[in-house]
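Participant: only geometry, no sequence info:
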């Protein structure tokens, strides 16, 4: 927990020094506003679980909330997971050829380690 507070403090300090705290808070508000209602619902249902007579009801509602989080059509866990997998960029088909091409256009490639060792008399 101390590391989380330390990271939050460093983030706030850096944003304050760079005078970008307004941008930081705008981004945080945009990112976390969708989760606020879910957080409040889970918190209230969990708080009901501390009342001994309401514990079974709280457990049932918590299971229902978790089920809805996973199975919501279009915005659930599985829908977002598959869309993230589909939007991932494919890796390059093949690495640059080892025949003196650097893969960086007109930049020359470095000599191979074997040629350096034979030229220096090590081999």
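Facilitator: Yep, it's here. Here the structure is a predicted model, which is why all the values come from computation and not from measurement.

Participant: so where is this protein shaky, pLDDT-wise?
Facilitator: 74-78, 88-123 (pLDDT under 70).

Participant: what about the helices in it?
Facilitator: 2-17, 21-48, 55-71, 77-87, 113-119 (DSSP state H).

Participant: mind putting these in TSV, mean neighbour count included?
Facilitator: From N, CA and C alone the C-beta is placed, and that goes for glycine too. Output for the helices of the chain, formatted as TSV (neighbours: other C-beta atoms under 10 Å):
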stretch	mean neighbour count
helix 2-17	10
helix 21-48	12
helix 55-71	13
helix 77-87	10
helix 113-119	10
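
Participant: Let me see the contact set for residue 41.
Facilitator: residue 65 (C-beta atoms under 8 Å, 6 or more residues apart in numbering).

Participant: From residue 20, how far off is it?
Facilitator: Separation of residue 41 from residue 20 (C-beta to C-beta, to the nearest Å): 32 Å.

Participant: out of everything not next to it in sequence, what's closest to residue 12?
Facilitator: Spatial nearest neighbour of residue 12, chain neighbours left out: residue 21 (7.3 Å); criterion: C-beta to C-beta, 6 or more residues apart in numbering.

Participant: Next one: that neighbour relative to residue 29, how far apart?
Facilitator: 12 Å.

Participant: And residue 6, by the same measure?
Facilitator: 23 Å.

Participant: Phi and psi next, for residue 72.
Facilitator: For residue 72, the backbone dihedrals (degrees, to the nearest 10) come out as phi -60, psi 130.
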